[in-house]
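Student: I'll drop the sequence and a predicted model, then ask my questions.
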Amino acid sequence: GMEAQPSSAGVQEAGFAALGFLASSAENVAAIAAKEIARGIGAVVTGMEALESSAGVQRAGCVALSEFAFAEDNEEMRLWIVTEGAIEVVVAGMRAHTSIA
C-alpha cells in the first residue's frame, strides 16, 4: 500500500486515485470513520512530499485533495486538509512543476 511503498510513484498515484474516488461519494464519506479520512489526507500529503519530483504524483495528489475538499460540503474535511499541511504541499508541487501547473 501507500504507506509500505512511499517512494513508488505508481503506488502513490494509484492510492491517491482510490482515495479521491472514495471521497467523491457522499455515501462513502458517511461510512468511513473520521480518523480514517484524516489518515487518508495525511497519506496524500506525505506521498506528495516524498515524491515532489514526480509530476504524476503531484497531479494525482491534487485531484485527491480536491475530492476531499468538495466532499459533501464538509467543513471538517477542509479543516483536516489545512491542518495536515496540504496547502503547502500543493504549492510546493506547483513550484516544482511550473511547466504544467
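Tutor: Great, that's in hand. Residues are numbered from 1 along each chain as shown.
Student: helices of the protein, start to end?
Tutor: 9-23, 26-31, 34-50, 55-69, 75-83, 86-96 (DSSP state H).
Student: which residue lies nearest the spatial centre of the chain?
Tutor: Closest to where the C-alpha atoms of the chain average out (Cα atoms, centre = their mean) is residue 44, at 3.5 Å.
Student: residues touching it, list them.
Tutor: Residue 44 makes contact with 16, 19, 61, 64-65, 68, 86, according to Cβ atoms under 8 Å, 6 or more residues apart in numbering. C-beta coordinates here come from the backbone N, C-alpha and C atoms, glycine included.
Student: tell me where the model's unsure across the protein.
Tutor: Applying pLDDT under 70 to the chain picks out residues 73, 101.
Student: 90 - rerun?
Tutor: 1-7, 20-38, 68-78, 99-101 (pLDDT under 90).
Student: could you verify my assumption that residue 100 touches residue 55?
Tutor: Yes. Counting by Cβ atoms under 8 Å, residue 55 is a contact partner of residue 100 at 5.8 Å.
Student: higher neighbour count, those two?
Tutor: Comparing residue 100 with residue 55 by other Cβ atoms under 10 Å, the one with more neighbours is residue 55, at 16 against 9.
Student: how far away is that one from residue 72?
Tutor: From residue 55 over to residue 72 the distance is 29 Å, taken as Cβ to Cβ, to the nearest Å.
Student: one more: residue 22?
Tutor: In this view, residue 22 and residue 72 are 12 Å apart by Cβ to Cβ.
Student: the two - which one has more neighbours?
Tutor: A direct count of neighbours by other Cβ under 10 Å for residue 22 and residue 72 places residue 22 higher, at 20 against 13.
Student: so what's that one closest to, chain neighbours aside?
Tutor: Nearest non-adjacent residue to residue 22, counting by Cβ to Cβ, 6 or more residues apart in numbering: residue 28, 4.7 Å away.
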